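**Student:** no FASTA, just this:
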């Protein structure tokens, strides 16, 4: 039997919160089984699930204010129903309050907990009658707790940002990452142009706007990009502008030999191919076997030639690759603290010890691979996180321990951002700088 939008959203949230699935993975998997949902319904499910996960701690704070039963004593399914219903009432202005309440009561009965439907109805009616949200922890006496609840981010992550960025940048950043992520794509300039692709996408019903970087577009009003004919024809690939900027900072040249050592899902390899042209040769590597096929399929869809994908443990030195690359791309495994907007699971589940562990992993990879680049060639060192241990500390460590020098990347930055550190070879991009992921970008040259 076909499920309603709210039933699909409930099933997805249950898989995420009870089964430890990633939000984007669970959404993709569940929606793939619900072919009866039209684009508007699929967008509703996506917004409801993503919105609950982006605001989970704030929703729990709100429920606690209007329930005599503590959250930790509620049945998980009832708590999930309340979370998705409170989100509709307080954050989805187009959803009538009575619909959110009535549907929640029906859902409680459908899951066999009709005896608690009165409790659900009572809590939601109280929430609906209240103006705004309940008071947050006091900002002046406990800034960490205040920001943690307001932005549904674990206290340790909030404190980490406060320590490294200061209060002002942290507040602005957390406000920024609370918004839904924008979707940007790189135009496959081997097949089409920005103007032609814009017309094609608009004819497919997609709303298109310019992006900050050249040959990129911002898309909206599309619930299934992979289903569009233009995507299947390989006219573009999805990529955040921060990741694209990293590649533009090294300007891959024609005939270049490029090694992308931690390549999946492939965006940097693919953009390198557009910029360098079909005469470049690209070796894209990843440690996970199942991601090799994703890389191969992506390159085939985009029509990229001279592209090879191999399963490689980047920590292990490969003598046959020494002195073979004009460009070595090291987009490191990282804590992902720059991607909170598109990966809300990180705000809720990431553990603090992961930062030190991943910083050490990066050093292992650099030690094994720096010789792959030729003398005079470049290394792109990047992460999608905001953590000194993983970023600037490792950049300085590379300069101190290997025959590498920093490369001035200021000429390759868009006019919208001006970082003094760019002349020193690196920038730490925060989400509010270009409305992108948080990203660390550093470029080094091998000198001997």
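**Tutor:** That came through fine. Source: prediction; values computed, not measured.
**Student:** tell me the contacts of the residue nearest to residue 241 when sequence neighbours are not counted?
**Tutor:** Leaving aside its chain neighbours, residue 241 sits nearest to residue 436 (4.6 Å; criterion: CB to CB, 6 or more residues apart in numbering). Backbone N, C-alpha and C define where each C-beta goes, glycine included. Taking CB atoms under 8 Å, 6 or more residues apart in numbering, we find residue 436 in contact with 240, 241, 242, 245, 429.
**Student:** ok, residue 436 to residue 203 distance?
**Tutor:** 28 Å (CB to CB, to the nearest Å).
**Student:** pretty sure residue 432 is touching residue 171, no?
**Tutor:** No - counting by CB atoms under 8 Å, residue 432 sits too far from residue 171 to count as a contact (10.1 Å).
**Student:** quick one, which of these two is more surrounded?
**Tutor:** residue 171 (19 against 15; other CB atoms under 10 Å).
**Student:** what is the neighbour count of the closest residue in space to residue 410 that isn't next to it in sequence?
**Tutor:** Nearest-residue entry for residue 410: residue 422, 3.9 Å, with adjacent residues in sequence omitted and distances by CB to CB, 6+ apart. Residue 422: 21 surrounding residues under other CB under 10 Å.
**Student:** for the strand or helix carrying residue 149, which helices and strands make contact with it?
**Tutor:** Per DSSP states H and E, residue 149 falls inside helix 143-150. Here helix 143-150 touches helix 56-66, helix 155-165, helix 167-177, going by 3 or more CB pairs under 8 Å, 6 or more residues apart in numbering; DSSP states H and E.
**Student:** what sits against residue 337?
**Tutor:** By CB under 8 Å, 6+ apart, residue 337 lies in contact with 157, 160, 161, 346, 350, 385, 386, 387, 438.
**Student:** any chance of those residues in CSV, plus pLDDT?
**Tutor:** What follows is the contacts of residue 337, written out as CSV (pLDDT from 0 to 100):
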residue, pLDDT
157, 98
160, 98
161, 98
346, 94
350, 93
385, 98
386, 98
387, 98
438, 97
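**Student:** got the buried residues for the helix or strand of the chain with the lowest mean pLDDT?
**Tutor:** Across the helices and strands of the chain, mean confidence by mean pLDDT, DSSP states H and E is lowest for helix 23-32: a mean of 90. Buried residues in helix 23-32, defined by neighbour count with 16 or more other CB atoms under 10 Å: 23, 24, 26, 27, 30, 31.
**Student:** which residues touch the longest strand belonging to the chain?
**Tutor:** In the chain, with assignment by DSSP state E, the single longest strand is strand 373-383. Strand 373-383 is touched from outside by 243, 246-247, 249-250, 259, 268, 323-332, 334, 338, 362, 366, 370, 390-391, 394-395, 398, 404, 407, 439-448, with contacts defined as CB under 8 Å, 6+ apart.
**Student:** helix or strand right after it?
**Tutor:** Following strand 373-383 toward the C-terminus (DSSP H and E): helix 392-401.
**Student:** that next one vs strand 373-383, what angle?
**Tutor:** Angle, helix 392-401 to strand 373-383, by axes from the mean of the first three to the mean of the last three CA atoms, to 10 degrees: 160 degrees.
**Student:** which strands and helices lie in contact with helix 392-401?
**Tutor:** For helix 392-401, the packing partners by 3+ CB pairs under 8 Å, 6+ apart come out as helix 353-369, strand 373-383, strand 404-406, strand 426-429, strand 439-446.
**Student:** how far does that helix sit from its chain's centre?
**Tutor:** Here the centre of helix 392-401 is set off from its chain's centre by 26 Å, with CA atoms, centre = their mean, to the nearest Å.
**Student:** now do it against helix 353-369, angle only.
**Tutor:** Interaxial angle of helix 392-401 relative to helix 353-369 (the same axes, to 10 degrees): 30 degrees.
**Student:** for helix 392-401, buried residues please.
**Tutor:** 392, 394, 395, 398, 399.
**Student:** contacting residues around the first one?
**Tutor:** Counting by CB under 8 Å, 6+ apart, residue 392 makes contact with 426, 428, 440.
**Student:** again, only this time at 7 Å
**Tutor:** residue 426 (CB atoms under 7 Å, 6 or more residues apart in numbering).
**Student:** can you start the count at 58 instead of 1 from here on
**Tutor:** I'll keep to 58 as the first residue from here, and by that count the last item is residue 449.
**Student:** strands of the stretch 258-407 of the chain, start to end?
**Tutor:** Using DSSP state E, counting those that start in this stretch, the strands of the stretch 258-407 of the chain run over 264-267, 273-277, 293-295, 314-317, 338-343, 364-368, 382-388.
**Student:** one step back: deepest of the helices and strands packed on helix 449-458, which one?
**Tutor:** Of all those, strand 496-503 has the most neighbours on average by mean count of other CB atoms under 10 Å, namely a mean of 25.
**Student:** how far off centre is it?
**Tutor:** Distance of strand 496-503 from the chain centroid (CA atoms, centre = their mean) equals 21 Å.
**Student:** what packs against it?
**Tutor:** Secondary-structure packing of strand 496-503 (3 or more CB pairs under 7 Å, 6 or more residues apart in numbering; DSSP states H and E): helix 298-305, strand 430-440, strand 461-463, strand 483-486.
**Student:** now for these, which one comes closest to residue 352?
**Tutor:** helix 298-305 (15.3 Å; CB to CB).
**Student:** what does the closest one contact?
**Tutor:** Residues contacting helix 298-305 (CB under 7 Å, 6+ apart): 241, 243, 268-270, 273, 324-325, 328-329, 332, 437, 439, 469, 486, 491, 493-494, 496, 498.
**Student:** among these, which are located in helices?
**Tutor:** 324, 325, 328, 329, 332, 491 (DSSP state H).
**Student:** so where's the stretch 208-357 of the chain uncertain?
**Tutor:** Applying pLDDT under 70 to the stretch 208-357 of the chain flags the ranges 280.
**Student:** so the longest strand of the chain versus strand 496-503, what angle?
**Tutor:** With the same axes, to 10 degrees defining the directions, strand 430-440 sits at 170 degrees from strand 496-503.
**Student:** next up, the contacts around residue 242.
**Tutor:** Contacts of residue 242 (CB under 7 Å, 6+ apart): 273, 274, 276, 293, 294, 295, 296.
**Student:** hmm, back to that, got CSV for the contacts of residue 493, with distance to residue 359 too?
**Tutor:** Formatted as CSV, the contacts of residue 493 follow (distance: CB to CB, whole Å):
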residue, distance to residue 359
297, 17
298, 18
299, 21
302, 20
486, 26
